[in-house]
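Chemist: Could you look at this predicted model? Sequence included:
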Amino acid sequence: MTLAGKISVSTHYTRSINVERDQSQLDVVKSYVPTSRALRTLQRIVDAFSDDQHPRAWSLIGPYGSGKSAFGIYVRGLLAPADSDLGKAARNSLRSVSPALATAFEQQAQETEGYLPVMVSGSPEPLSQRLVAAMSAAAYLRWGEKPGPKPAIVEKLEEASKQSSIPASVVIDLFDELVSKLERQKGVIRGGVILVIDELGKFLEYEAHHYGANDIYILQALAEYACDSGPSKVLVFALLHQSFEQYAKGLGESLKAEWAKIQGRFEEIPSSSLQSKSCEWFHMLLFRTFLDRTGRLSEKKFLKPPGN
């Protein structure tokens, strides 16, 4: 058999990922390669579980194809309910490279009902509208099909999502009410919220060309909310190609400074660190493929990624 017959590349590495469309896709989670640098980022998230002073709002900045969207879905999977197929797949994948981190995420999932995923894909429109629509979808995912009366927030979000204009203050109030439904009930924490805003730059570009929209302040409020959240932890991830102020070109210097200050509310993670060195990523991909196709012989040849 030729070498080409023994090696194949998953199609998940050759197509773009949409965090809304693909958030529940098992194949996306199973095919994610958690490199050494991505593991350090996951450790920051684990630290935020127990340290109230630790940042819980991150901005992942990097070019197209650097792994931002895949990482967002992977973290969503790690925080999925303990008995869900998605959660099990993500944590089993992580356990193969870091048992300690996998255990930390598993414990977080077991102590809650899993984190509620609010996944937003960027588009040239107000952030407020897309965020409320994503919260509405998340609320329905959690309570919509359960028997019995639904929490009032489900209907509130559905009605708000139909509005053509939603003030920033209303968005934050709705977010707060959504989180409150996950708070401690009868001594049990029902879970937290993981908010992933992918392609944030599209919302920022819209904001820059529509003076007075003020949706940028939603980001500031969300970052501050995440740091001050109570028993139900809130984790916020903003994924974009360049820093906030780069999207503010054409605005006055005071507004540019304001945008930069808002970005300062987020802990910045260069997304190249999620993909790590190309040789490491490619090595780990081949390592997995060879294990699947040829077994122990290949395991001896590809046991350790280069540089580890």
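Modeler: Ah, there it is. Residues are numbered from 1 along each chain as shown.
Chemist: what mean pLDDT does the helix or strand containing residue 42 have?
Modeler: Using DSSP states H and E, the element containing residue 42 is helix 36-50. pLDDT averaged over helix 36-50 equals 88, rounded to a whole number.
Chemist: just stretch 114-128 next, same as before
Modeler: pLDDT averaged over stretch 114-128 equals 93, rounded to a whole number.
Chemist: one step back: now for the helix holding residue 42, which elements pack on it?
Modeler: Other helices and strands packing on helix 36-50, by 3 or more CB pairs under 8 Å, 6 or more residues apart in numbering; DSSP states H and E, are helix 68-78, helix 99-110, strand 267-270, helix 272-275. (Each C-beta comes from the backbone N, C-alpha and C, glycine too.)
Chemist: Redo those as CSV? Include mean pLDDT and distance to residue 202.
Modeler: Rendered in CSV, the data for the helices and strands packed on helix 36-50 read as follows (pLDDT from 0 to 100; distance: least, CB to CB, whole Å):
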stretch, mean pLDDT, distance to residue 202
helix 68-78, 93, 13
helix 99-110, 92, 30
strand 267-270, 86, 19
helix 272-275, 56, 20
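Chemist: Using CSV, list the CA coordinates for the helix holding residue 42.
Modeler: Extracted in CSV, the C-alpha atoms of helix 36-50 (Å, rounded to 0.1, in the frame of the first residue of the first chain):
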residue,chain,number,x,y,z
SER,A,36,0.5,22.7,23.7
ARG,A,37,-0.2,26.4,23.4
ALA,A,38,-3.9,25.9,23.3
LEU,A,39,-3.6,23.9,26.5
ARG,A,40,-2.1,26.9,28.2
THR,A,41,-5.1,28.9,27.2
LEU,A,42,-7.5,26.2,28.5
GLN,A,43,-5.5,26.4,31.8
ARG,A,44,-6.4,30.1,32.0
ILE,A,45,-10.1,29.2,31.7
VAL,A,46,-9.8,26.5,34.4
ASP,A,47,-8.1,29.1,36.7
ALA,A,48,-11.2,31.3,36.3
PHE,A,49,-13.4,28.6,37.7
SER,A,50,-12.0,29.0,41.2
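Chemist: doesn't residue 236 make contact with residue 60?
Modeler: No: distance between residue 60 and residue 236: 11.0 Å, which falls outside the contact criterion (CB atoms under 8 Å).
Chemist: thinking again about what came up before, most packed of the helices and strands packed on helix 36-50?
Modeler: Comparing the helices and strands packed on helix 36-50 by mean neighbour count (mean count of other CB atoms under 10 Å), helix 68-78 comes out on top with a mean of 26.
Chemist: chain center to it: distance?
Modeler: Its chain's C-alpha centre and that of helix 68-78 lie 5 Å apart, by CA atoms, centre = their mean, to the nearest Å.
Chemist: For that helix, name the packing helices and strands.
Modeler: Using 3+ CB pairs under 8 Å, 6+ apart as the contact criterion, the neighbours of helix 68-78 among helices and strands are helix 26-31, helix 36-50, strand 57-61, helix 85-95, strand 116-121, strand 193-198, strand 234-240, helix 272-275.
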